[in-house]
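Enquirer: pasted the sequence and its predicted model underneath.
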Amino acid sequence: MLTVDYERLGVGRGERLLDLGCGGGRHAFQAVRLGARVVALDAQATEVAQVRDTIGAMLDAGEVRVDDEAGVVQGDALRLPFADASFDRVIASEVLEHIPEDGSAMAELSRVLRPGGTMAVTVPRFGPEAVNWALSNDYHDVPGGHVRIYRRSTLVERLRRAGLRPVASHHAHALHSPYWWLRCWVGPRRDDHPAVRAYHRLLVWDIMRAPRLTRVTERVLNPLLGKSLVVYLEKPA
């Protein structure tokens, strides 16, 4: 399930791409498939190990070429272990809302992006996220949870201050907003609730099969209910 549009980001073969806060690695894997030279970074050792194992399995299965370069690093978003202008493309998907010092993280992302390079930043959209917070404190008030809700104007202004120029934006994952409203209503830890399990099966089916009905429905609903805000930026040359 990708949140970022790689065509808008402009990912090309041989380009260096940083996936900050890679989590399970979904964006890093797609970038590797496209031939980018990927560095996936996360603060959690378990996530780093999982992504490293999956990339190894992709190589063994012949899903990526032997000469496709990919690295996995455990690191801190406030002190990225890379030189200035190290990357052609940067992805920071669903990570800034977890970082108290988000301005410092944005400055680091801008620092490691080369002049003329592009970046995609995604965060939970204000409206759907505000509903989650209203329904449940347990949704966000946990160690490592969300520390803020971004309005688009606030996010864009902070990224401008970091030296980046916004060029486009859209919303994604409309079908996921009601799922999280449901989870927050019954309790975020109630994975066993029948309604939650049924909706989760629907989302997994949609991700695995991508049927036309749900794909069209989500595209229509994204402007209204999209759970994620995606902003594309470039660093002036």
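Expert: Looks like it arrived, so ask away. Numbering: from 1, shown residues only.
Enquirer: mind listing what's buried in the helix or strand bottoming out on mean pLDDT in the chain?
Expert: Every helix and strand in the chain was compared by mean pLDDT, DSSP states H and E; the lowest is helix 45-60, with a mean of 88. Residues of helix 45-60 classed as buried by neighbour count (16 or more other CB atoms under 10 Å): 47, 48, 50, 51, 52, 54, 55, 58. In this view, the C-beta of every residue, glycine as well, is placed from N, C-alpha and C.
Enquirer: now residue 229. Its backbone dihedrals?
Expert: Per-residue torsions, residue 229: phi -100, psi 130 (degrees, to the nearest 10).
Enquirer: and it, how many neighbours?
Expert: 24 (other CB atoms under 10 Å).
Enquirer: quick check: the gap between it and residue 122.
Expert: Noted for residue 229: a distance of 7 Å to residue 122, by CB to CB, to the nearest Å.
Enquirer: mind listing the strands for the protein?
Expert: Ranges of strands in the chain, per DSSP state E, are 16-20, 37-42, 70-74, 87-93, 113-124, 165-172, 228-234.
Enquirer: quick check: mean pLDDT across the second one?
Expert: Strand 37-42 shows a mean pLDDT of 96.
Enquirer: quick one: which of the strands of the chain is nearest residue 136?
Expert: strand 113-124 (14.0 Å; CB to CB).
Enquirer: what comes into contact with the closest one?
Expert: 3-5, 8-10, 85-94, 96-97, 109-110, 132, 146, 149-150, 155, 159, 164, 167, 172, 227-237 (CB atoms under 8 Å, 6 or more residues apart in numbering).
Enquirer: next one: stretch 203-212
Expert: Here stretch 203-212 has contacts from 1, 175, 176, 179, 214, 215, using CB under 8 Å, 6+ apart.
Enquirer: now render these as a markdown table, adding distance to residue 79.
Expert: Listed next are those as a markdown table, based on distance: CB to CB, whole Å:
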| residue | distance to residue 79 |
| --- | --- |
| 1 | 30 |
| 175 | 37 |
| 176 | 32 |
| 179 | 35 |
| 214 | 41 |
| 215 | 40 |
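Enquirer: much appreciated, bye for now.
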